[in-house]
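Visitor: sharing a sequence plus its predicted fold:
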Amino acid sequence: MMLPMTTAAPDLDAVFSALADPTRRAVVERLGRGPASTSELAADHDMALPSFMQHLDLLRRVGLVTSEKRGRVRSYRLEPSGFEPAEHWLAAQQRLWTSRLDQLDAFLTASRPTSDAPNPKGTPDDRRHPL
């Protein structure tokens, strides 16, 4: 049974909303290589630190990253479980569309004329004769 897209979980909406921003995607990509401090992450972006911190805070609130403060240094790391809502939704979409495409392929294969069937127009049938 396919659920309407409007029944998507709020977590899923939050994950996709967070990943919709190129700055936040860049942070996620950077953290994919390992943990980094706020200053390391901010160095790659041309914006004021308070604005950049808002991006980090949103990623943290959504659950895509975690942070830890040691002394004066705050470090961030990816939180793999935060990506699960998107991963599950995308996997379900992949299964759905794979099934639909398999059904279309089966239909087209069953609908293909056999090589013994005459061509009604009397012209060569390109589908039966490979180049």
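Guide: Okay, I see it.

Visitor: show residues contacting stretch 42-58.
Guide: If you take C-beta atoms under 8 Å, 6 or more residues apart in numbering as the criterion, stretch 42-58 is touched by 18, 21, 23-24, 26-27, 30, 38, 41, 65, 67, 76. The way it works is simple: take the backbone N, C-alpha and C, and place the C-beta from them, glycine included.

Visitor: helices or strands up against the longest helix seen in the chain?
Guide: In the chain, taking DSSP state H as the definition, the longest helix is helix 84-111. The contact analysis (3 or more C-beta pairs under 8 Å, 6 or more residues apart in numbering; DSSP states H and E) places helix 84-111 against helix 10-19.

Visitor: helix 84-111 and the helix it packs on, what's the angle between them?
Guide: Orientation check (axes from the mean of the first three to the mean of the last three C-alpha atoms, to 10 degrees): helix 10-19 against helix 84-111 gives 90 degrees.
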